[in-house]
Each structure stands twice: as structure tokens, then as C-alpha cells.
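1. 3D, please:
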Amino acid sequence: MTAQRSAEDADFAETWVDDDELAEEWTTSYPPDNLVTFRYIWAAIRRHARLWIVVALAGLVAGLALPAVLPPASSSSVKLLLTHRQGDDPVRAMATDVNLLQTNTVAQRVINELGLSVAPDELLDAYTATALTDRVMEIVATAPTSEQATELAGTVAEVYLPFRDQQVALPLESLREELSSAQTAVQEARAALVAAGENPDDSDPSSSPEWTTYTRAVEGELFIEQQILDHNAQATRMRSSRVLDAAVPIPRSERMAMAISAASGLIAGLSLGLGFVVVRALISDRLWIRRDIARALGAPVRLSVRGVPRWIWRIFPQYVGRSRMRRPALRLVTQRLRAIVLRRSSPKPALVIVGVDNVRASACIVASLALTLADKGKRVLVADLSGGVLAKGLGLSGEGTHEARLRNTEAGFTVHVPSPDDAPLLGRRLQGGSRAPTDDNAIDVAWTQADVVLALATLSPALGAEHLRPWSSEAVAIVTAGRSSATLLHATGEMIRLAGIRLDSAILLRADKTDDSVGLLEPDTARVDTAPDIEAASR
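-> Predicted structure coming up:
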């Protein structure tokens with residue numbers, strides 16, 4: 001029984017372990033990659049709040065300035081009371097009047113009346129006609145000034161009413177021609193009737209063909225005469241149309257117009273700013289979060305600060321002076337790097353600082369660190385492997401070794417700027433004390449006398465990081481949030497590790513205030529440190 005219970009306990013333990021492994025396999029500590037969530041979009045909006053707020057304010061200012069730069073056109077309106085033929089559909093008749101008003105013929109007559117130098121199509125855009133009721137039409141004209149708008153509206157009304165009367169009188173001409181033809185036909189039929197021996201005035205007509213032709217001709221004449229009489233009556237009725245309200249400017253509120261313009265500009269600027277931020281967040285491959293930066297670089301983010309040491313148009317030593325070193329961001333970074341570089345005492349404290357995406361900010365940090373160590377009584381040697389960015393910032397020129405002393409301080413540090421002809425491995429190997437091949441006595445002396453060695457470097461995939469090995473076996477990367485892609489960070493970390501240098505950690509500048517992640521490496525993303533093997537091989 002004991003053996004059976006032991007077997008059951010073993011099976012239970014095995015099952016329990018399998019369940020834990022399965023739970024660990026399906027548990028995730030953060031959302032999957034490339035997952036766009038509302039929180040992600042909201043973080044981008046908060047992160048770039050200054051950008052879209054500035055764009056929104058610019059739109060507001062543009063909206064406020066628009067009425068002053070481009071004053072809105074003035075408008076005037078005139079109302080007409082129109083009469084239509086009896087029996088016509090009022091809605092269709094009013095639609096006909098509106099379309100008649102917006103013809104090129106009316107516009108050309110207005111142009112001729114006012115002596116304008118515009119095309120009829122352009123003038124048609126300057127006024128509109130609207131049927132308020134089945135008899136009242138409103139004409140609204142726009143112009144740069146109120147006087148011009150009022151004159152245009154009144155002229156359009158004065159030109160339109162006679163033109164409308166002319167269109168009504170056009171059918172009368174054809175009716176008169178038809179009446180003349182009918183009268184001729186009556187005279188011919190009367191003559192034929194007299195020739196047949198009949199009396200046209202006889203009240204008892206016969207059934208002869210002449211009488212039939214004469215009767216039809218007379219009836220046709222009477223019908224046309226009646227049409228003319230009806231048309232004259234309708235024309236007289238329609239000619240009673242008149243101007244109901246004379247042309248007057250349309251009043252407008254300056255405050256309301258300003259408010260509408262300002263609101264429109266604000267909405268347009270806000271939409272443009274937010275749209276730009278959201279679209280850039282969706283298509284950008286730049287990393288902002290500590291967790292993502294640590295995974296891509298293969299090193300933990302031990303420190304992140306909101307500020308960034310900025311390059312200003314002053315002499316570089318003034319920037320790293322004590323008054324500026326009191327800034328929290330620069331002070332925290334300097335303290336972190338000082339702790340890293342001084343924790344190793346053999347053979348010589350040394351550290352390579354790699355500026356991944358902001359070499360100027362990295363140069364400020366290295367200069368501040370060197371000044372701090374110099375103030376503590378340390379003799380510091382700084383190798384400028386960044387193409388001379390640090391040396392130029394310090395006001396140094398030329399190549400080789402330069403002695404730089406900061407203002408208002410007795411402490412100094414040595415800056416070494418390799419010439420373009422120097423071998424990339426110029427320096428002294430720290431492992432085992434073996435020396436790099438060099439004939440530069442000055443750098444040898446500086447190396448021997450230095451208590452601490454610092455190096456500022458930038459990396460490129462074409463060169464790699466082998467030239468950093470003689471200066472230190474440990475490196476720290478300085479990354480700016482939102483400026484590097486995952487590919488660049490991964491390549492930087494791999495180049496440092498392939499050179500046999502231990503990538504201690506990364507320092508994140510301009511950290512996102514919405515970032516609540518911890519920049520520590522997870523077990524599945526930890527990189528294999530090859531530095532100890534190379535160090536052992538070098539010994």
C-alpha cells in the first residue's frame with residue numbers, strides 16, 4: 001500500500017508540474033506585439049500633448065486672424081412678390097421663376113447695367129434665389145462691401161421683372177401671327193361663298209361645302225382671338241409682380257462671426273494635431289516604453305529620466321558647470337554612471353558610454369561625469385570616439401591629446417581624440433594589462449597617470465564595436481525614448497556583445513510619463529554574455 005501511495009503521489013506531482021508549465025506557457029505579462037489598443041493610442045495622445053495642443057492653438061489663432069486678413073463678404077437681400085397664371089401649379093411655377101433668374105441672359109443684363117468686368121458664370125456665383133413661399137422669392141447677393149451687395153441685389157431684381165414680362169409676352173407674337181392667318185382664311189372662305197351665290201350674312205345657312213369651310217374659318221378666328229384675350233389677361237395679372245422689400249444689407253453679428261471662425265479654427269487645428277499624432281503612432285516603429293527598449297537592446301533599463309541634456313549655443317564647459325549639474329536629470333545620470341565605473345578597481349576603472357541616438361546629449365553626460373570625478377580628486381582620461389563631438393563641444397581643436405580645464409574649478413581631465421589615421425584599437429587593453437599597439441607616448445603617459453578611463457562612442461554596423469574593446473570591457477548605452485527603432489537597438493546590443501564587451505544596462509532619456517513598465521529583461525529575452533569567455537581567452 002505504501003508503494004502504491006508513493007506512485008500516486010509521484011503521478012500527482014508530475015501532473016501538478018505539467019499544469020504549472022501549461023499555465024506559465026499561456027500566461028503573458030503584457031499584450032502581444034503589434035497589438036494596437038485604445039490604451040496605446042491614448043498613451044500616444046498624452047505623450048505628444050504639447051504637439052496637438054500647439055497645433056490646436058495655432059488653428060485658434062488662425063481662426064481669430066482670418067476675419068481680419070480675409071474679411072467676409074457682405075450680403076444684401078431683396079424680396080419679390082410674384083404672380084403666376086391662374087391654374088398653374090404654384091410650386092412648379094415658382095421653381096420656373098428661380099431657374100429663370102439664374103440664367104446667363106439675366107446675368108449678362110446685370111453686367112451691362114452695372115458695367116462690371118466679370119463673366120456671367122462668375123456673377124451667377126455672387127447671388128442666389130430662394131422661394132420662401134409660392135409667391136415670395138428672396139434674392140441674396142454677396143459683394144466685398146455692403147453698398148456693392150445692396151446695389152447688386154437691387155439691380156438683379158430690376159432686371160429680372162422686365163425680363164420675366166418679356167418671357168410672358170413671347171407667346172403673344174405667335175398668337176397674333178396665327179390670328180392674321182385665320183383672318184385671311186375667313187376672307188378667302190367668304191369670297192368663295194359669295195362666288196357660289198350665297199349670302200354670308202344669311203341667318204339660315206345652307207349645307208353647301210362653301211358654307212362649311214366658311215363656318216370653320218370663322219370659328220378658328222374666334223378661337224385664336226379668345227386665346228389672345230386670355231393671354232392678355234394673364235399677362236396683365238403677371239405684370240402685377242413687384243418688389244416686395246427693397247434691397248437692404250443682411251445684419252450680422254461680429255461677435256458671432258468671430259466666435260464661429262475661432263471655433264472652426266480650433267476644431268480644424270485639433271483634428272489635424274490629433275490625426276497626426278494617431279497616424280504617426282500607428283505607423284511609427286520607434287520605441288517609447290522601457291520594457292520594449294530593454295527587450296530590443298538585450299539589457300535592462302536601470303535608470304530613466306524625463307529631462308534631456310540639451311545642446312545650447314554656449315561654450316560647452318559652461319554647460320556642464322556646477323550650476324547646470326544641479327539639474328535633477330543630469331545629476332541622476334551622472335551618479336548612476338559614477339557608481340558603475342567606480343565599482344571595478346582592477347586593473348583600472350573604465351567605462352564605455354555608447355550614444356545610440358543622441359550623441360550630443362551623451363557628450364554632455366560624459367563631460368559632466370568627468371567633471372564630477374575630477375572634483376573628487378580623480379585623474380580622468382576621456383577618449384572621444386564619437387567623431388570629435390565631445391572635443392568640439394569643449395572648444396578643443398586639432399587631434400591628439402588635449403588638456404581641458406573647466407572654468408571656475410581647479411580640477412581638470414584629459415581628452416583624447418584619435419586622428420582618422422589611427423588604428424581603431426588604439427588604447428590599452430584592460431584585461432591582464434596587455435597593451436594595444438601604439439607609439440603615441442602622450443596617450444601612454446595619460447593612460448598610466450589616469451585613475452579612471454571613460455570613452456564616448458557611437459556605433460555603426462559597418463564598423464562594429466571592436467574598437468571599443470581596448471578601452472573597457474563594460475559599456476552603458478544611452479537611449480532617447482521615441483528616437484530609436486527596435487532594429488537599431490537590437491543591432492547596437494549585438495555589436496557590443498560580439499565585441500566581447502559586457503553591456504551593463506541602458507539609461508533612458510526623455511522617459512514617457514505614461515510608461516508604467518519596468519525595464520527589466522525577461523528570461524526569454526536575456527542575451528548571452530560572451531564577455532567572460534573572451535576575457536578568459538585573452539588571458
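
2. Now do the helices in the stretch 101-250 of the chain.
-> 104-114, 120-124, 146-195, 209-238 (DSSP state H, counting those that start in this stretch).

3. Now render those helices as CSV, adding mean pLDDT.
-> Written out in CSV, the entries for these read as follows (pLDDT from 0 to 100):
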stretch, mean pLDDT
helix 104-114, 91
helix 120-124, 90
helix 146-195, 81
helix 209-238, 76
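
4. and residue 457, bridged to which residues?
-> The residues paired with residue 457 through beta bridges, assigned by DSSP bridges, are residue 354, residue 385.

5. any idea how far it is from residue 478?
-> 11 Å (CB to CB, to the nearest Å). Glycine gets a C-beta too; all of them are placed from N, C-alpha and C.

6. Now do the shared contacts for these two.
-> With contacts taken as CB atoms under 8 Å, 6 or more residues apart in numbering, residue 457 and residue 478 have 353, 354, 355 as neighbours in common.

7. Out of those, flag the one nearest to residue 296.
-> residue 354 (14.3 Å; CB to CB).

8. coming back round to it: show me just the buried residues among the shared contacts of residue 457 and residue 478.
-> Listed as buried from the shared contacts of residue 457 and residue 478 are 353, 354, 355; burial here means 16 or more other CB atoms under 10 Å.

9. so can I have TSV of the residues you listed showing pLDDT and distance to residue 74?
-> As requested, these are arranged in TSV below (pLDDT from 0 to 100; distance: CB to CB, whole Å):
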residue	pLDDT	distance to residue 74
353	95	67
354	95	66
355	93	61
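
10. how about these in CSV, adding distance to residue 215?
-> Listed next are those as CSV, based on distance: CB to CB, whole Å:
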residue, distance to residue 215
353, 122
354, 118
355, 115
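
11. Next, count neighbours for residue 308.
-> Residue 308 sits with 17 neighbouring residues when counted by other CB atoms under 10 Å.

12. what's the answer for residue 180, then?
-> 12.

13. The one 10 residues further on too?
-> Other residues near residue 190 come to 18 when the count uses other CB under 10 Å.

14. Distance of it relative to residue 225?
-> The span separating residue 190 from residue 225 equals 17 Å under the rule CB to CB.

15. Contacts only, for residue 233.
-> The contact partners of residue 233, taken as CB under 8 Å, 6+ apart, number zero.

16. how much space is there between it and residue 169?
-> Noted for residue 233: a distance of 13 Å to residue 169, by CB to CB.

17. go on, residue 333?
-> Look at residue 333 and residue 169: by CB to CB, they are 93 Å apart.

18. okay, these two: which has more neighbours?
-> More neighbours sit around residue 333 than around the other of residue 333 and residue 169, counting by other CB under 10 Å; the figures are 28 against 14.

19. Am I right that the more buried one sits in a strand?
-> No: counting by DSSP: H, G, I helix; E, B strand; the rest coil, residue 333 is not found in a strand; it is helix.

20. coming back round to it: would you mind saying which of the helices of the stretch 101-250 of the chain lies nearest residue 89?
-> Taking CB to CB as the criterion, residue 89 comes closest to helix 209-238 out of the helices of the stretch 101-250 of the chain, the separation being 14.8 Å.

21. Pull the distance from that closest one to the chain's centre.
-> Averaging C-alpha coordinates over helix 209-238 and over its chain gives two centres that are 74 Å apart (CA atoms, centre = their mean, to the nearest Å).

22. Then stretch 354-370?
-> The gap between the average C-alpha position of stretch 354-370 and the chain average comes to 32 Å, counting by CA atoms, centre = their mean.

23. cool, stretch 478-497 as well?
-> For stretch 478-497 - counting by CA atoms, centre = their mean - the centre lies 28 Å from the chain centre.

24. in that stretch, what's buried?
-> Judged by neighbour count using 16+ other CB under 10 Å, the buried positions of stretch 478-497 are 478-482, 484, 486, 488-497.

25. Which ones among these map onto strands?
-> In strands, defined here by DSSP state E, the members of the buried residues of stretch 478-497 are 478, 479, 480.

26. So which of the buried ones among the shared contacts of residue 457 and residue 478 is the closest to residue 281?
-> residue 355 (25.5 Å).

27. right, and the helix or strand after the helix or strand where residue 264 lies?
-> The secondary structure element spanning residue 264 is helix 254-283 (assigned by DSSP states H and E). Past helix 254-283, further along toward the C-terminus, the next helix or strand under DSSP H and E is helix 290-297.

28. before we move on, the earlier item: now, among the shared contacts of residue 457 and residue 478, which is nearest to residue 63?
-> Distance to residue 63 across the shared contacts of residue 457 and residue 478 (CB to CB) is lowest for residue 355, with 42.8 Å.

29. correct me, but that closest one touches residue 475?
-> No: with contact taken as CB atoms under 8 Å, residue 355 and residue 475 are classed as non-touching, separated by 11.1 Å.
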